[in-house]
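# Predicted model and sequence below, questions to follow.
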There are 4 protein chains.
Amino acid sequence: MSKARLEAFSDGVLAIIITIMVLELKAPHGSDLMALRPLLPIFLSYLLSFALVGIYWNNHHHLLHAAKHVTAGIMWANLHLLFWLSLVPFVTAWFGETHGGAWPTALYGVIFLMAGFAYNLLQTAILSHHPADAPIAVAFRGNIKGKLSLGAYLLAIPLAFVRQWLAYGLYVFVALMWIVPDRRIASTIEKHS
Amino acid sequence: MSKARLEAFSDGVLAIIITIMVLELKAPHGSDLMALRPLLPIFLSYLLSFALVGIYWNNHHHLLHAAKHVTAGIMWANLHLLFWLSLVPFVTAWFGETHGGAWPTALYGVIFLMAGFAYNLLQTAILSHHPADAPIAVAFRGNIKGKLSLGAYLLAIPLAFVRQWLAYGLYVFVALMWIVPDRRIASTIEKHS
Amino acid sequence: MSKARLEAFSDGVLAIIITIMVLELKAPHGSDLMALRPLLPIFLSYLLSFALVGIYWNNHHHLLHAAKHVTAGIMWANLHLLFWLSLVPFVTAWFGETHGGAWPTALYGVIFLMAGFAYNLLQTAILSHHPADAPIAVAFRGNIKGKLSLGAYLLAIPLAFVRQWLAYGLYVFVALMWIVPDRRIASTIEKHS
Amino acid sequence: MSKARLEAFSDGVLAIIITIMVLELKAPHGSDLMALRPLLPIFLSYLLSFALVGIYWNNHHHLLHAAKHVTAGIMWANLHLLFWLSLVPFVTAWFGETHGGAWPTALYGVIFLMAGFAYNLLQTAILSHHPADAPIAVAFRGNIKGKLSLGAYLLAIPLAFVRQWLAYGLYVFVALMWIVPDRRIASTIEKHS
């Protein structure tokens, strides 16, 4: 099975996920600035989800780069990841529309936690074709950011019922952690690819 | 005609089909867990259709791998398959929204049965350029899973009017049958590609 | 400028156009067969537009195959064609929802007539880099089907106000004319590509 | 990181942005010509945004052509640009639905101004891997059209509150300026690529 087509399909699904979220931003009937105010929480949840899905696209890109060939296991692990990410537009809309209610805020974390587990499954499927001590396998397995992200989601889910802004803050923290460039990992990948 | 562009277009259509189905999961206005309950049947039908379309994408991928070049016949057989699959979001929405009524459950089977026939037509168009006794042709023609799937759909359509859960069970059976890895076919393809 | 990216972008736009039309087929609330009846004209208009846009994708594919390199003129002519085709979902919805009223039936022809002119413009832009007597240029310019299609649209537009079913019949005729395989043109292209 | 996948993802997002805008053109219930009249401002705003996003796709194409390899900085600068462009369907809908109210007209300029800044950021990220006096760097940096576009948006934003048609005229001016072919730049790129 060719890697190119797996990437093309994943790119298509991720591009649609990231773009249909904007359909939740429905044009208000009023034409003054005040008409935009009710859209602010929807806009902020869109911004956050755009960043988090963008990060997945970026990491997915690096991960598939390490795949030597595509097995049935990798194909299904990839579809499984896309399934959880496909629920992001739904939970983003619920999160935005209820102005960050406790349950929507918690479910937001649950979906990204599941996507994170699905990503790890995909990583395991891809790395299983490399020797366990290959530099690329060590670089991916030692990935502290991935572990921190899962920890942040795990923490945010119960926090959503106590202090919602703390849960929201944790989601923003995950996004910023990934966007800030990480030269160390990039150089490890570059050296061994 | 280049195979790459036929694959790219099919990937695009399949990615959109699989992703716009999630638009049926409309964010509820309430923010408690109970607000999600009416969405459960829609979610389950989304999950099933995601799996079944994902299976088509996977098989489509393998099938086109066997195509030596793209003829007008293959092009139209492919568009014909995409047409039936493009009706999946509609029938999934009807199936989910009516909580699996008899007619929607039956139509669900009809659409996938037609897609199955369309897939066989595409397979015939592609294999017509291989000698009938080529290993790849034998491997595809002897495909028991494909025949079992068509049989399951044929059985589910009348069953939908008697025992709806049996029809639903057959659809789930088809999905599981394909997701469980099938090393035998994979190895046959590998050997001859 | 690379041809690959022009094709990829066009494939994306055409895949989305062909797929979002199905969103007009809204799942009815009733769950019996009668609930589907009001959807019949919308389904038929979807089927027709799916075929006509599919034909454009197919021809577009052949035409770009003849392009040696992509100039700014080709790029804009291509975008211009995509603009008219992007209006197909709108006119299909209007045509379907009004059960083929006179104006929607006429506008349907207008949009496809404009798309046809845009296609000819793109063809001229691409063939301008070939000598006028090159076999490929002769094959494309002598294209009788393209001229017949434009003629059918031109005829259908006024007919829509007199006998709507005649206009509709002309649209179906155009679709069938292209779907029926045309070995002569295919072989000319094959010989010279 | 491969340039091909960055291009494919950007193409996907841009194709979806350009195509979902047409969903705002909702089919009227009436079937006479008068039923289309309320759609005219929505159609005109669609036409303008289609042209402006098409221009971005075209320029994006040229710019990435100059990228030697894709760094994390380029990846994020590209996502940042796509974020602003993803807001175009929203502001186009607001602009069209309010028949060009003052605030929507101004916000239209703001979104394209931000997209323009994001484009310059991406250009800086890409050119940072070329020597400052490389012909390609000089050609891009001396880009008068880009500077004129930003100036036009800056001027249009306050003008929207005084003379809306002047702001609208400036947006149309930007679109026409780019669509008119510019052989000088094209030849510079050709010489050095």
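Perfect, thanks for sending it.
# Show me which residues of chain A are close to chain D?
A:7-8, A:11-12, A:14-16, A:18-20, A:22-23, A:25-33, A:35-36, A:47, A:50, A:54, A:57-58, A:61-62, A:65, A:179, A:181-182, A:186 (C-beta under 8 Å from any C-beta of the partner chain). Where C-beta positions appear, they are placed from N, C-alpha and C, glycine not excepted.
# Show me just the buried residues among those.
Among those, those classed as buried by neighbour count (16 or more other C-beta atoms under 10 Å in any protein chain shown) are A:7-8, A:11-12, A:14-16, A:18-20, A:22, A:25, A:27-28, A:31, A:35-36, A:47, A:50, A:54, A:57-58, A:61-62, A:65, A:179.
# Which positions in chain A make contact with chain C?
Contacts of chain A with chain C, taken as C-beta under 8 Å from any C-beta, map to A:G12.
# Chain B contacts on chain A?
A:1-2, A:5, A:8-9, A:12-13, A:15-17, A:20, A:23-24, A:71-73, A:75-76, A:79, A:82-83, A:86-87, A:89-90, A:93-94, A:96-98, A:101-104.
# the helices in chain A, which residues?
Here chain A has its helices, by DSSP state H, at A:3-20, A:40-65, A:72-86, A:88-97, A:102-127, A:135-141, A:144-159, A:164-179, A:183-192.
# Turn those into TSV, including mean pLDDT.
Formatted as TSV, the helices of chain A follow (pLDDT from 0 to 100):
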stretch	mean pLDDT
helix A:3-20	90
helix A:40-65	91
helix A:72-86	93
helix A:88-97	93
helix A:102-127	93
helix A:135-141	71
helix A:144-159	92
helix A:164-179	91
helix A:183-192	57
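# now for these, which one comes closest to C:A132?
Closest approach to C:A132 among these is made by helix A:3-20 (37.7 Å; C-beta to C-beta).
# Which other helices and strands does the closest one contact?
helix A:40-65, helix A:72-86, helix A:88-97, helix B:3-20, helix D:3-20, helix D:72-86 (3 or more C-beta pairs under 8 Å, 6 or more residues apart in numbering or on different chains; DSSP states H and E).
# go again using 6 Å as the cut-off
If you count contacts as 3 or more C-beta pairs under 6 Å, 6 or more residues apart in numbering or on different chains; DSSP states H and E, helix A:3-20 packs onto helix A:40-65, helix B:3-20, helix D:3-20.
# could these go into JSON lines alongside distance to C:F140?
Listed next are these as JSON lines, based on distance: least, C-beta to C-beta, whole Å:
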{"stretch": "helix A:40-65", "distance to C:F140": "39"}
{"stretch": "helix B:3-20", "distance to C:F140": "18"}
{"stretch": "helix D:3-20", "distance to C:F140": "26"}
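# Relative to B:A167, which of those helices is closest?
That would be helix B:3-20 among those, by C-beta to C-beta, at 22.0 Å.
# could you check the angle helix A:88-97 makes with that closest one?
Computed with axes from the mean of the first three to the mean of the last three C-alpha atoms, to 10 degrees, the direction of helix B:3-20 lies at 40 degrees from that of helix A:88-97.
# now what about helix B:3-20, what contacts it?
For helix B:3-20, the external contacting residues (C-beta atoms under 6 Å, 6 or more residues apart in numbering or on different chains) are A:5, A:8-9, A:12-13, A:16, A:86, B:50, B:53, B:57, B:64, B:70, B:82, B:85-86, B:89, C:7, C:11-12, C:15, C:19, C:61.
# now stretch A:146-162
A:102, A:105-106, A:109, A:112-113, A:116, A:166-167, A:170, A:174.
# what do you get if the cut-off is 10 Å, keeping everything else the same?
With C-beta atoms under 10 Å, 6 or more residues apart in numbering or on different chains as the test, stretch A:146-162 has contacts from A:52, A:55, A:59, A:100-117, A:119-120, A:123, A:140, A:143, A:164-175, A:177-178.
# For the residue nearest to A:A67 when sequence neighbours are not counted, give me its contacts.
Beyond its immediate neighbours in the sequence, the residue positioned closest to A:A67 (C-beta to C-beta, 6 or more residues apart in numbering or on different chains) is A:I126, lying 4.7 Å away. Counting by C-beta under 10 Å, 6+ apart, A:I126 makes contact with A:63-71, A:73-74, A:77-78, A:136-137, A:140.
# again, only this time at 8 Å
A:63-64, A:66-67, A:74 (C-beta atoms under 8 Å, 6 or more residues apart in numbering or on different chains).
# Widest-spaced pair of those residues?
Among these, A:A66 and A:I74 lie farthest apart (C-beta to C-beta), at 10.9 Å.
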